[in-house]
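**Q** would you be able to build a 3D model of this:
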Amino acid sequence: MKKKYLLPILAIPLLFLIIINFKKQKSTVIQTHIKKGEITQAVYAIGTVTAKKTYEIKPGITSIISDIYVSEGNNVKKGDPLLKLDTLFTAPFSGTITYLPYIKGETVFPQMKILTLTDLTDRYIVVLLEQQGALIVKEGQKAILNFENMRESKFEGTVKSIFSNNNQFLVHIESPNLPKEILPGMTTDVAITIQKKSNALLLPIQAIKNGKVSRKRNGKSKEIDIQTGLIDDAMAEIVSGDIQEFDTVTIQKK
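**A** Next up, the predicted model:
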């Protein structure tokens, strides 16, 4: 009977050692040097491309569409005829017909949207921010736009205004060099630059644990209290603490 249970008893500590070694293998200790460089604090959000000029036709009384001169997707010039009810409606600006679900002879009712004309070339970006971001975003700050499936291309923008609407905090960003493929309704990742500093003492955020770092200098390791300044998505500026350029800090990666 003892021989039957000998293998499982021996296997338990062996299995325990395997688990411990596996966990150790998953954790990687990296040594990296403190360096000086540029760091940028930014507010990150999602923006929506919005057309500046949109024109809608809505009748004031019940009417019959007596004639239609355009179709959805048509490009028109300022002054071109669009459709006729009791009166003829013409395009107030050049643009694209983006909504027209009706046909000639249909009856339409008051305030029913019949047609929409949109200038697809004159666009801006609307960004919805949390309160924390809205408090530090200011007019004139620069922004970087990055669109899905166009990650290799980054477009510059400028904060035109910041305002609230129905308890939402919105930012208007101008970006005049967007390509024509970028249409109203598309979304973009937005990074609004709040502050930038050159020649800052930097270390990876992952090296900081509860306001401390493991610093190595002249072959000796020591845990150091630090305070940080600007922080981006990977690095932190060190504003106080016994840390110097070319010191080594430890990063524990899992």
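**Q** mind listing residues that contact stretch 126-146?
**A** For stretch 126-146, the external contacting residues (CB atoms under 8 Å, 6 or more residues apart in numbering) are 43, 45-48, 50, 125, 153-162, 164, 168-173, 175, 178, 188-194. Every C-beta, even on glycine, is put in place using the N, C-alpha and C of the backbone.
**Q** return a PyMOL selection command for the buried portion of the residues you listed.
**A** Buried residues among those (16 or more other CB atoms under 10 Å), as a PyMOL selection:
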select buried, resi 43+45+47+125+155+157+159+162+169+171+172+173+175+178+188+190+191+192+194
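**Q** let's see which of the contacts of stretch 126-146 end up in strands.
**A** Taking DSSP state E, the ones among the contacts of stretch 126-146 that sit in strands are 43, 45-48, 50, 125, 155-162, 164, 168-173, 188-194.
**Q** in the strand or helix carrying Val127, what's buried?
**A** Using DSSP states H and E, Val127 sits within strand 123-129. Using 16+ other CB under 10 Å as the test for burial, strand 123-129 gives 123-125, 127, 129.
**Q** so what strands line up beside it?
**A** strand 35-51 (antiparallel), strand 168-174 (antiparallel) (DSSP bridges).
**Q** now Arg215: how far from Ile194?
**A** With distances taken as CB to CB, to the nearest Å, Arg215 is found 29 Å from Ile194.
**Q** can you check Leu178 too?
**A** Leu178 sits 23 Å away from Ile194 when distances are taken as CB to CB.
**Q** mind telling me which of the strands paired with strand 123-129 the model trusts least?
**A** Mean pLDDT values for those show the minimum at strand 35-51, a mean of 93.
**Q** send me that one as PDB with only the CA atoms.
**A** Output of strand 35-51 as PDB, limited to C-alpha atoms (Å, rounded to 0.1, in the frame of the first residue of the first chain):
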ATOM      1  CA  LYS A  35      18.500  59.800 -19.400                       C
ATOM      2  CA  LYS A  36      17.600  63.400 -20.300                       C
ATOM      3  CA  GLY A  37      15.300  64.200 -23.200                       C
ATOM      4  CA  GLU A  38      12.000  65.800 -24.200                       C
ATOM      5  CA  ILE A  39       8.700  64.900 -22.700                       C
ATOM      6  CA  THR A  40       5.200  66.000 -23.600                       C
ATOM      7  CA  GLN A  41       2.100  66.000 -21.400                       C
ATOM      8  CA  ALA A  42      -1.000  65.500 -23.500                       C
ATOM      9  CA  VAL A  43      -4.800  64.900 -23.200                       C
ATOM     10  CA  TYR A  44      -5.900  61.900 -25.200                       C
ATOM     11  CA  ALA A  45      -9.500  61.500 -26.500                       C
ATOM     12  CA  ILE A  46     -11.600  60.400 -29.500                       C
ATOM     13  CA  GLY A  47     -12.700  63.100 -32.000                       C
ATOM     14  CA  THR A  48     -15.400  63.100 -34.700                       C
ATOM     15  CA  VAL A  49     -15.000  64.800 -38.100                       C
ATOM     16  CA  THR A  50     -17.800  67.300 -38.500                       C
ATOM     17  CA  ALA A  51     -18.900  69.400 -41.500                       C
END
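**Q** from the middle of its chain, how far away would the next helix or strand after that strand be?
**A** Next in sequence after strand 35-51, counting helices and strands by DSSP H and E, comes strand 54-57. The chain centroid and the centroid of strand 54-57 are separated by 30 Å under CA atoms, centre = their mean, to the nearest Å.
**Q** give me the residues contacting strand 54-57.
**A** Applying CB under 8 Å, 6+ apart, the contact partners of strand 54-57 are 82-83, 89, 91-93, 95, 99, 113-119.
**Q** parallel or antiparallel, which strands does that strand pair with?
**A** Paired neighbours of strand 54-57 in the sheet (DSSP bridges): strand 115-118 (antiparallel).
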